[in-house]
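**Student:** Sequence first, predicted coordinates after that:
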Amino acid sequence: MDTKRLVLFVVFSFSLLMLWEAWQKEQRPPAQVAATQSVPSPSTGASSSAVPSVAGGAVQAPSAAIPATAVTNAPHEIVKIETDVFSAELDTLGGDIVRLELLKHPDTVDHTRNLVLLGSEHEYSVQSGLIGDGLPTHKTFYHAAAKQFTLKGGQDKLEVRLEANGVGVATGTKTTKVITFHRASYLIDITHEITNSTGSTIAPHAYFQIVRNAIAPPGDTSMVTTYTGAAIYTEQDKFQKVAFADIDKAKTPLSKNVDNGWVAMVQHYFVSALLPPEKLAREFYARKLSDKLYAVGSIVPVGSIAPGATAAITVPLYSGPEEQDKLKTIAPGLELVVDYGWLTISSVPLFWVLQFFHGWFGNWGLAIIFLTISIKLIFFPLSAASYRSMAKMKLVAPRLAKLREMYVDDRMKQNQAMMDLYKEEKINPLGGCLPIVVQIPVFIALYWTLLASVELRYAPFYGWITDLSSQDPYFVLPALMMVSMIIQTKLNPTPPDPIQAKVMMIMPLAFGVMFFFFPAGLVLYWLVNNILSILQQWQITRMIEGAGAKAVPKR
């Protein structure tokens with residue numbers, strides 16, 4: 001039995017290491033591979049990227065050719081926008097959204113500053129334009145009525161209108177780009193209005209794209225690496241990641257003939273997603289613009305515009321936190337950007353239970369504690385049976401030692417005698433390992449729940465724990481967890497083999513060191529679970545030892 005326990009311990013520890021490696025490989029940003037196709041060499045800034053073209057499929061190609069460039073010589077200016085959730089900047093060169101500061105979310109590294117989601121640090125911006133003869137692109141100069149716009153009290157939305165400077169005059173069209181911000185919302189509507197003053201019908205297309213480099217945001221560590229890259233969702237293919245390395249190799253799962261879905265750039269806790277209206281034909285694309293600079297986007301038809309008529313196309317942009325309940329209401333499948341890995345099926349219910357308890361107590365730490373109690377109650381019968389088996393093992397330990405001495409030279413008879421003893425006393429020799437084995441999936445699922453849920457980002461508990469999603473700054477919880485594991489080891493029957501006994505004593509130290517790098521919320525879960533286990537095991541052991549004469553007859 002002791003050999004089996006040692007083997008199980010080794011397998012368990014090795015499995016944890018392998019799982020950890022698997023998480024790292026799955027979540028680590030892929031290494032950049034040199035592009036196999038020629039890439040345009042832009043000048044400074046993301047706005048110099050090439051204009052996308054219509055590839056076909058559901059979107060019909062325009063009759064006119066796409067201009068190679070539409071950049072004017074006029075200097076571009078920055079238009080600043082202030083709302084209740086954003087501090088934003090638009091560049092009049094292209095009308096791009098070049099900066100988004102989230103006023104309700106602190107920076108990952110410097111907690112005294114707000115998080116800048118879109119910005120120059122990652123060449124992260126949102127661009128759009130029109131595809132058609134003489135129509136403005138993201139290389140066109142626009143004019144704004146003012147350089148500063150503010151969402152005032154009583155206003156539900158703020159419109160920033162950008163007029164294309166001279167573009168389209170030669171072909172008899174007037175174009176306006178409208179960026180609309182909404183109160184208490186991370187949705188931004190990007191609209192292109194086109195008035196056809198020509199003598200014939202036109203059928204332009206519009207493109208919307210997110211540009212970003214491949215550098216992960218600050219805050220990722222070697223122990224906690226999360227996915228940074230593109231993603232796509234359609235009803236047919238569901239949610240898929242589009243890694244930068246796959247874009248390098250042109251291995252992208254992009255649909256060419258759909259009327260639903262969205263594309264996005266994803267990073268830890270936050271997402272920027274372009275959300276074309278449902279039932280509108282669209283063509284998704286992903287491409288490499290330059291070294292470590294990528295674009296993902298969608299091309300949609302504006303529709304036929306008769307002479308003298310005006311048409312508009314609007315594609316909402318969501319750029320903000322990955323709040324699951326809100327994402328579900330914005331677009332189908334958008335909540336899937338919250339990446340729980342391969343244990344999504346168990347992580348989602350865990351988060352739902354956490355939210356339920358948080359609604360009661362208003363504290364995520366208390367929610368974790370009551371989640372732990374709930375899980376413990378669910379597994380109570382299994383744990384009780386396991387602890388009874390361990391308590392009996394402790395009682396028969398002297399008899400096991402005698403059997404080893406009796407058959408010291410005959411391993412086969414020794415094992416047979418031990419199995420007969422287990423059968424006589426109704427002991428499951430592997431019963432003590434079951435609670436740990438059963439909890440591994442729960443443990444991993446909760447790990448990803450705490451790691452991926454922005455709701456727990458900077459969520460305080462009490463005292464020195466100000467962020468349950470990051471490690472304990474003073475390592476108090478890991479130290480307490482090590483103490484609890486030592487107490488559990490003392491309650492368990494001591495292996496007769498000295499080497500095995502030493503291994504069992506090293507376990508609390510090994511696990512404690514590993515937990516130093518885990519989120520405080522996860523350590524809190526394991527600590528509370530250990531405390532409950534100690535109480536349950538102590539009570540069961542005391543009861544069985546008290547009835548030792550009945551449980552283990554003397555011989």
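**Tutor:** Thanks, I have it. Model, not experiment: these values are computed from the prediction.
**Student:** So Gly119 sits against Leu102, correct?
**Tutor:** No. Using C-beta atoms under 8 Å, Gly119 is not in contact with Leu102, being 11.0 Å away. The way it works is simple: take the backbone N, C-alpha and C, and place the C-beta from them, glycine included.
**Student:** and this structure, what are its domains?
**Tutor:** For the chain, automatic domain parsing gives the domain ranges 2-23+351-551, 71-215+226-339.
**Student:** Reformat those domains as a markdown table; add mean pLDDT and distance to Ile345.
**Tutor:** Formatted as a markdown table, these follow (pLDDT from 0 to 100; distance: least, C-beta to C-beta, whole Å):
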| stretch | mean pLDDT | distance to Ile345 |
| --- | --- | --- |
| domain 2-23+351-551 | 75 | 9 |
| domain 71-215+226-339 | 92 | 13 |
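**Student:** Output those in CSV, with mean neighbour count appended to each entry.
**Tutor:** Output for these, formatted as CSV (neighbours: other C-beta atoms under 10 Å):
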stretch, mean neighbour count
domain 2-23+351-551, 17
domain 71-215+226-339, 19
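**Student:** Include distance to Val51 when you put these into CSV, please.
**Tutor:** Converted to CSV, the domains of the chain look like this (distance: least, C-beta to C-beta, whole Å):
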stretch, distance to Val51
domain 2-23+351-551, 34
domain 71-215+226-339, 5
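**Student:** List just the one of those that sits closest to Ser53.
**Tutor:** domain 71-215+226-339 (6.9 Å; C-beta to C-beta).
**Student:** what distance separates stretch 408-419 from the centre of its chain?
**Tutor:** Distance, stretch centre to chain centre, for stretch 408-419: 52 Å (C-alpha atoms, centre = their mean, to the nearest Å).
**Student:** I misspoke; the intended subject was stretch 366-375.
**Tutor:** Worked out by C-alpha atoms, centre = their mean, stretch 366-375 lies 22 Å from the chain centre.
**Student:** same question, stretch 508-515
**Tutor:** 26 Å.
**Student:** now stretch 243-262
**Tutor:** In terms of C-alpha atoms, centre = their mean, the centre of stretch 243-262 is found 20 Å from the chain centre.
**Student:** That one: end-to-end distance?
**Tutor:** Stretch 243-262 has its terminal residues 16 Å apart, counting by C-alpha to C-alpha, to the nearest Å.
**Student:** now do stretch 137-155
**Tutor:** Stretch 137-155 end-to-end distance (C-alpha to C-alpha) = 30 Å.
**Student:** how far does that stretch sit from the chain's center?
**Tutor:** The answer for stretch 137-155 is 32 Å, by C-alpha atoms, centre = their mean.
**Student:** Equivalent analysis for stretch 80-96, please.
**Tutor:** Centroid separation for stretch 80-96 versus its chain: 26 Å, with C-alpha atoms, centre = their mean.
**Student:** in the stretch 401-550 of the chain, which spans are helices?
**Tutor:** Secondary structure of the stretch 401-550 of the chain (DSSP state H, counting those that start in this stretch): helices at 411-425, 434-452, 476-491, 498-515, 520-546, 548-551.
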